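K.L.:
3D, please:
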Amino acid sequence: MKNLVAKSVQSSSGAATAPAFTIPVDGRVYAVEVAGFAWCSDLVVYGTATSVGVLRITLPEDSETGQLQHVSLHEFHHDSRVRCLAWSGETNLAEVPRCLKFAAAGADHCVRVYVHTGPTEGGSLEVHPLVGHTDYINDLSFGGPDGDTLASVGDDLTCRLWNAADFTPLACIASDGPCMSVCWHAEEQYQLLVAAASGTVTFYNTETRAPVSALHTGVTGLAGADWSPLDSLRVATVHDSRLVTLDVSRLSKPETDQEVHHGGGQKVRFSRTAKQHVATCSLTQVKVTQLGVHQAPLAEDLMAVGGISWHSVLPYLLAGSDRKLVVWRVALI
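P.N.:
As a prediction, this is how the structure comes out:
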């Protein structure tokens with residue numbers, strides 16, 4: 001287990017950010033997720049064509065004078081290319097027994113829950129496959145009343161709920177089109193958002209399995225959606241080239257609708273520290289839009305973008321790429 005210092009590089013675009021760091025990894029990264037909990041905000045999981053890797057990172061308060069430290073904790077085999085990842089709130093390395101728990105969805109249409117307990121070097125690993133999807137899985141999210149309900153959505157027109165404590169299926173919710181994104185309400189434990197490629201965002205009560213309401217973006221080709229963790233009335237969606245934000249309390253029309261990528265928008269994520277910031281990515285570009293101000297590319301020449309994820313405590317954004325993770329500190333404009 002090596003403790004390394006990440007390389008610092010200046011953004012080629014001159015965007016309104018501090019210098020970025022890069023963390024070298026083996027293989028092309030297809031998905032990345034920073035743990036979204038204060039007690040394990042320094043953990044990052046990333047997925048490649050054959051493995052999932054877990055890092056522990058220490059980010060500086062000031063990226064212009066500080067350095068990013070990172071330690072590789074684990075690299076686990078994965079049977080197929082990783083498409084998406086999610087951390088469980090059961091993860092905790094500060095208390096005994098130490099536990100790492102996350103889910104990975106592969107190109108083989110299977111969800112696997114990884115549970116590693118015990119010391120970092122050594123310990124015990126269990127991998128639990130969750131079988132049910134019949135097509136590509138596009139997103140995963142842990143939540144629910146116990147924090148250990150896993151939601152998964154895919155091209156098979158379903159949202160599936162799993163008990164990640166005993167690794168059994170709980171429910172299958174049918175959709176009228178491919179489901180691209182899923183996320184839980186930050187405070188109301190039974191509320192779940194499911195976004196479909198048709199451009200419809202539906203809110204479900206997972207206790208009754210019934211839809212509560214729906215938002216219509218008016219734009220088809222939805223590739224990703226997110227529910228703001230800091231403002232539960234705001235939802236963002238990314239389409240082929242456009243970012244749309246919606247106010248849940250006003251179901252009739254989008255709040256904003258603007259072009260962010262020249263085709264191929266894939267993911268959208270609200271910042272966990274600044275509610276004005278929304279990150280989007282295509283295969284070759286990452287952008288941050290400060291709502292009400294403007295948008296800026298963070299790295300125009302970044303190739304093979306494999307997912308984006310915000311740090312939960314500090315204003316940093318991570319993106320996967322070819323043989324590296326890229327990190328930016330994003331300041332308010």
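K.L.:
what packs against whichever strand or helix holds Ala104?
P.N.:
Using DSSP states H and E, the secondary-structure element containing Ala104 is strand 99-106. For strand 99-106, the elements it packs on are strand 43-47, strand 51-58, strand 82-87, strand 111-117, strand 137-143, strand 149-154, judged by 3 or more Cβ pairs under 8 Å, 6 or more residues apart in numbering; DSSP states H and E. For glycine as for every other residue, the C-beta is placed from the backbone atoms N, C-alpha and C.
K.L.:
now the fourth one and strand 43-47, what's the angle there?
P.N.:
Angle, strand 111-117 to strand 43-47, by axes from the mean of the first three to the mean of the last three Cα atoms, to 10 degrees: 140 degrees.
K.L.:
List the strands paired with the next helix or strand after strand 111-117, with their directions.
P.N.:
Counting by DSSP H and E, the element after strand 111-117 in chain order, helix or strand, is strand 124-130. With DSSP bridges as the criterion, the sheet partners recorded for strand 124-130 are strand 111-117 (antiparallel).
K.L.:
I'd like the average pLDDT over the partner strand.
P.N.:
Mean pLDDT, computed over strand 111-117, is 97.
K.L.:
got the CA coordinates for that strand in CSV?
P.N.:
Coordinates of each C-alpha in strand 111-117 appear next as CSV, following Å, rounded to 0.1, in the frame of the first residue of the first chain:
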residue,chain,number,x,y,z
VAL,A,111,-25.1,-5.9,-10.1
ARG,A,112,-22.5,-7.0,-7.6
VAL,A,113,-22.2,-5.8,-4.0
TYR,A,114,-18.7,-5.9,-2.6
VAL,A,115,-18.3,-6.1,1.2
HIS,A,116,-14.7,-6.0,2.6
THR,A,117,-14.3,-6.3,6.4
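K.L.:
And it, what's buried?
P.N.:
Judged by neighbour count using 16 or more other Cβ atoms under 10 Å, the buried positions of strand 111-117 are 111-116.
K.L.:
Of the residues you listed, just say which sits nearest to Tyr136.
P.N.:
Taking Cβ to Cβ as the measure, Tyr136 lies nearest Val111 of the buried residues of strand 111-117, at 11.7 Å.
K.L.:
Does anything pack onto the longest strand belonging to the chain? Which helices or strands?
P.N.:
Ranked by residue count and defined by DSSP state E, the top strand of the chain is strand 316-329. In this structure, strand 316-329 makes packing contacts with strand 20-28, strand 31-34, strand 43-47, strand 286-290, strand 308-310, judged by 3+ Cβ pairs under 8 Å, 6+ apart.
K.L.:
how about 6 Å then?
P.N.:
strand 20-28, strand 31-34, strand 308-310 (3 or more Cβ pairs under 6 Å, 6 or more residues apart in numbering; DSSP states H and E).
K.L.:
And those strands: which comes nearest His216?
P.N.:
Ranking these by proximity to His216 (Cβ to Cβ) places strand 308-310 first, at 25.3 Å.
K.L.:
any idea of the mean pLDDT in the closest one?
P.N.:
Across strand 308-310, pLDDT averages out at 97.
K.L.:
So what are the sheet partners of it and their directions?
P.N.:
On the basis of DSSP bridges, the sheet neighbours of strand 308-310 come out as strand 316-329 (antiparallel).
K.L.:
Any figure for the gap between Leu215 and Leu233?
P.N.:
Using Cβ to Cβ, to the nearest Å, Leu215 is found at 11 Å from Leu233.
K.L.:
and these two? which has more neighbours close in?
P.N.:
Neighbours were tallied for Leu215 and for Leu233 using other Cβ atoms under 10 Å; the higher tally belongs to Leu215 (24 against 12).
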